[in-house]
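*Asks:* Sequence first, predicted model second:
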Amino acid sequence: MTDGEPLLEFRGVSKRFVKRLDAIERLARTLGANVAEHTVHAVDRVTFAVAKGEVVGLVGESGCGKSTLGRLGCGLYEPSDGEVRYRGAALRVRRGAPPPIQMIFQDPFASLNPRMRVQDIVGEAPRVHGLVGKSEVADYVADLLVRVGLDPAFRRRYPHQFSGGQRARIGIARALAVKPEMLICDEAVAALDVSIQAQVLNLFMDLREQLSLTYLFISHDLGVVRHLADRVVVMYLGRVVEIAPTKALFAAPNHPYTQALLAEVPRLDRRRRRFAPIQGEIPSPLAPPPGCHFHPRCPHAFARCAAEAPALREIAPGRFSACHLNG
Amino acid sequence: MSALLEVADLVTEFATRDGLLRAVDGVSLSLARGEVLGLVGESGSGKSVTGFSILGLIDPPGRIASGSVRFDGHELIGAPEETLRRLRGKRIAMIFQDPMMTLNPVLSVETQMVETVLAHDKVSRQAARSRAIEALGRVGIASPAERLAQYPHQFSGGMRQRVAIAIALLHRPGLVIADEPTTALDVTVQGQILYEMQKLVRETGSALVWITHDLAVVAGLADRVAVMYAGRIVEEGAVDEVLDAPLHPYTRGLLDSVPANNAAGRRLNQIPGMTPSLLRLAPGCAFRERCSRAAEPCGSMPELAARGARKVRCHFPLEVGVLNA
């Protein structure tokens, strides 16, 4: 299924967001007040690659930087440090050329322009990029709608005339319209009901087969990732803590955070269990703890964890973990 | 043991521009003291409106058209507002998905909690305050005395939900209705909240109605589960029985849609089609358009019929032990 050649590669990618001081805060500072610029390390030196044809799941909780990484991956953000590479060269988003990586967003309500008809939402990009002539747009859109399971007769409708699941399909059709090689799905099924979610997941799997697509599938839902992904990348507070083939990760998670995450997930086969959660909350990315970001919540933390951030090291072929417990 | 809560043939309607929408259509439930019931359904199934109706929290254009809600032997539907107000917060409490629905952003947590205590009990402010501190400590909030003085925006999402739970449990209510209280939370925080709820319910002996779309949460928490579809209960029974051997094709479909119940990488057994609009429900079983077992008789609405200790609303229920029918 995969030929090992990296399609998308993150090399030491960091993204920092700085909240600049406004005029009043600058004035206050010159007058001696203690105001400083806030810097959020949303993504901190992330390195991994997605091979052609592969589905990589990116999991983590709120504020772990998974969405920022997704946006870096399709060129919506410029990295502050490091490099995003596509097909062995730096990723450049050129004006006029259809981007080879498309993004599918979480909110099927906010990501579609409410004042555009479906045929324009889906048909605009391929027309602008010259993929289809003006006269062929209608047929092209109709084909795409059929491909994602929508009736082409709906193409003159507006987004509000569709249900959540149908809107998700429109978002997918829009992404496919410029013939991308890769899709980055940012919580693409999170807003959908279980039965609709299953339909959209099936669509993703069908499209992968039909169009040999590569996916970076960002989700907080471990069940979804386990089902779709070949490999899983786990993030915590901006850093990658573990990378492993899906089966291996779920069979024997290495990093204590991954272990906690897997233990917390409610499962159908665990009845009236005694919930025994890990302590504490995710710290603010504005003031992450020193050393290993997870150490304040980690049941195995020792002195070194607070002093030194563990590097992501290969612990078995194809398995990486960032934990001092691995020696 | 007599039931603590007895809901019978509850019908709640909303007048909309496009006609009368029957969000809850003949729901009957009963809940014993200390029991945990999972009320499961997808968007628009009527699960939240059922919860709101029990507490009499339906505002126009909505109204409870008929039915009965008996709590501890007292009829709540049609009861004077004063009676309801004495019950709400005291003997029946509600926890919402968004804790900011219960918390006032411009009042300190202390003001809100003390107010809640004083609303029902004649105690001194000082006593009310120490009860508030104790309640915050019980839901796992560190240094509760200091946190009490803070405002809701100074709490994280998970902490706010804990505050909302602490307030709901201040009076040790006999019944707690929780409407998706962990849906907006991260997995590890959800685990913590479920742990606290489970512990508190055990300690106080409160009965709990846990409204959710997430079958896996129900599996871990509830004793019994009721599955709703298009305003009606389609199946009800003990959690183990319903999840292991569902009788209704919709329950089966929901369970099959969960990725964990499918071999990784395979197509999921999806339910075709989508939830019907409540405004344009054809007569008969609302699920029949999406159902593989539907036949002639499904044109008439099946009754919620008892099968042993379980109930199912289907003309062609699945046989126990048959998996993929």
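*Replies:* Received it, and whenever you're ready, just let me know what you need.
*Asks:* can you tell me which residues contact the most centrally placed residue in chain B?
*Replies:* By CA atoms, centre = their mean, chain B has its centre lying nearest to B:I211, at 2.4 Å. By CB atoms under 8 Å, 6 or more residues apart in numbering or on different chains, the residues touching B:I211 are B:39, B:47-48, B:50-51, B:177-180. (Glycine included, C-beta is placed from N, CA and C.)
*Asks:* check which helix or strand covers the residue in the stretch 1-150 of chain B positioned nearest to chain A.
*Replies:* Nearest residue of the stretch 1-150 of chain B to chain A: B:E42, at 3.9 Å (CB to the nearest CB). Under the criterion DSSP states H and E, no helix or strand holds B:E42.
*Asks:* quick one on the thing from earlier: in CSV, list the contacts of B:I211 along with neighbour count.
*Replies:* Below are the contacts of B:I211 laid out as CSV (neighbours: other CB atoms under 10 Å in any protein chain shown):
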residue, neighbour count
B:L39, 28
B:K47, 28
B:S48, 21
B:T50, 27
B:G51, 22
B:I177, 26
B:A178, 26
B:D179, 22
B:E180, 19
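*Asks:* Could you measure from the residue positioned nearest the centre of chain A over to A:P317?
*Replies:* Nearest to the geometric centre of chain A sits A:I218, at 3.2 Å (CA atoms, centre = their mean). Shown here: A:I218 relative to A:P317, a distance of 25 Å by CB to CB, to the nearest Å.
*Asks:* And for A:A90?
*Replies:* Look at A:A90 and A:P317: by CB to CB, they are 29 Å apart.
*Asks:* With A:P114 instead?
*Replies:* 50 Å.
*Asks:* for B:A149, same thing?
*Replies:* From B:A149 to A:P317 the distance is 54 Å (CB to CB).
*Asks:* and those two? which has more neighbours close in?
*Replies:* More crowded of B:A149 and A:P317, by other CB atoms under 10 Å in any protein chain shown: B:A149, with 11 against 7.
*Asks:* Give me the contacts around stretch B:302-320.
*Replies:* Applying CB under 8 Å, 6+ apart, the contact partners of stretch B:302-320 are B:28, B:232-238, B:241-242, B:245-249, B:252, B:285, B:293-295, B:297-298, B:325.
*Asks:* In strands only, show me those.
*Replies:* Among the contacts of stretch B:302-320, the ones falling in strands (DSSP state E) are B:28, B:232-238.
*Asks:* now those as a markdown table including neighbour count and pLDDT?
*Replies:* Shown next, in a markdown table, are those (neighbours: other CB atoms under 10 Å in any protein chain shown; pLDDT from 0 to 100):
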| residue | neighbour count | pLDDT |
| --- | --- | --- |
| B:S28 | 17 | 95 |
| B:R232 | 23 | 95 |
| B:I233 | 28 | 96 |
| B:V234 | 27 | 96 |
| B:E235 | 28 | 96 |
| B:E236 | 26 | 96 |
| B:G237 | 23 | 95 |
| B:A238 | 15 | 95 |
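*Asks:* Just flag the most distant two among the residues you listed.
*Replies:* B:R232 and B:A238 (20.0 Å; CB to CB).
*Asks:* If you count residues, where's the longest helix of chain B?
*Replies:* Counting residues, the longest helix in chain B under DSSP state H turns out to be helix B:187-204.
*Asks:* Direction included, what does the following helix or strand past that helix pair up with?
*Replies:* On the C-terminal side of helix B:187-204, the closest following helix or strand by DSSP H and E is strand B:207-212. When pairing is defined by DSSP bridges, strand B:207-212 lines up against strand B:36-40 (parallel), strand B:175-179 (parallel).
*Asks:* ok, now how distant is the residue in the stretch 1-150 of chain A positioned nearest to chain B from A:I278?
*Replies:* Going by CB to the nearest CB, chain B is nearest to A:E61 of the stretch 1-150 of chain A, at 3.9 Å. From A:E61 over to A:I278 the distance is 12 Å, taken as CB to CB.
*Asks:* cool, and A:A42?
*Replies:* Distance from A:A42 to A:I278, counting by CB to CB: 23 Å.
*Asks:* Break down the chain into its strands, ranges please.
*Replies:* Because you didn't say which chain, this covers chain A. Assigned by DSSP E, chain A shows strands spanning A:6-19, A:38-51, A:55-59, A:81-86, A:89-90, A:101-104, A:182-186, A:214-219, A:231-236, A:239-245, A:313-316, A:319-321.
*Asks:* Let me rephrase: I mean chain B.
*Replies:* Under the criterion DSSP E, chain B contains strands at B:5-16, B:19-31, B:36-40, B:62-71, B:74-75, B:92-95, B:175-179, B:207-212, B:224-229, B:232-238, B:305-307, B:310-312.
*Asks:* Those strands into CSV, with extra columns for distance to A:G133?
*Replies:* Converted to CSV, the strands of chain B look like this (distance: least, CB to CB, whole Å):
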stretch, distance to A:G133
strand B:5-16, 44
strand B:19-31, 45
strand B:36-40, 50
strand B:62-71, 52
strand B:74-75, 70
strand B:92-95, 57
strand B:175-179, 52
strand B:207-212, 50
strand B:224-229, 47
strand B:232-238, 51
strand B:305-307, 61
strand B:310-312, 56
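*Asks:* A:A42 and A:I278 - which one has more neighbours?
*Replies:* For A:A42 and A:I278, the more surrounded residue by other CB under 10 Å is A:A42, and the numbers stand at 23 against 20.
*Asks:* Would you check that that one makes contact with A:L286?
*Replies:* No. With contact defined as CB atoms under 8 Å, A:A42 and A:L286 do not form a contacting pair (10.6 Å).
*Asks:* what about the helices in chain A?
*Replies:* Secondary structure of chain A by DSSP H: the helices cover A:23-30, A:66-73, A:118-128, A:137-147, A:164-176, A:194-211, A:222-228, A:246-251, A:256-264, A:303-307.
*Asks:* would you list the ones you listed in CSV and tack on mean pLDDT, distance to chain B and mean neighbour count?
*Replies:* CSV is the format used below for the helices of chain A (pLDDT from 0 to 100; distance: least, CB to the nearest CB, whole Å; neighbours: other CB atoms under 10 Å in any protein chain shown):
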stretch, mean pLDDT, distance to chain B, mean neighbour count
helix A:23-30, 84, 20, 11
helix A:66-73, 92, 12, 24
helix A:118-128, 92, 17, 20
helix A:137-147, 91, 16, 18
helix A:164-176, 90, 6, 23
helix A:194-211, 90, 4, 20
helix A:222-228, 91, 4, 23
helix A:246-251, 94, 7, 17
helix A:256-264, 90, 4, 21
helix A:303-307, 93, 18, 14
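*Asks:* Need those in a markdown table (columns: distance to B:M113).
*Replies:* Shown next, in a markdown table, are the helices of chain A (distance: least, CB to CB, whole Å):
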| stretch | distance to B:M113 |
| --- | --- |
| helix A:23-30 | 34 |
| helix A:66-73 | 35 |
| helix A:118-128 | 48 |
| helix A:137-147 | 54 |
| helix A:164-176 | 37 |
| helix A:194-211 | 36 |
| helix A:222-228 | 36 |
| helix A:246-251 | 42 |
| helix A:256-264 | 28 |
| helix A:303-307 | 35 |
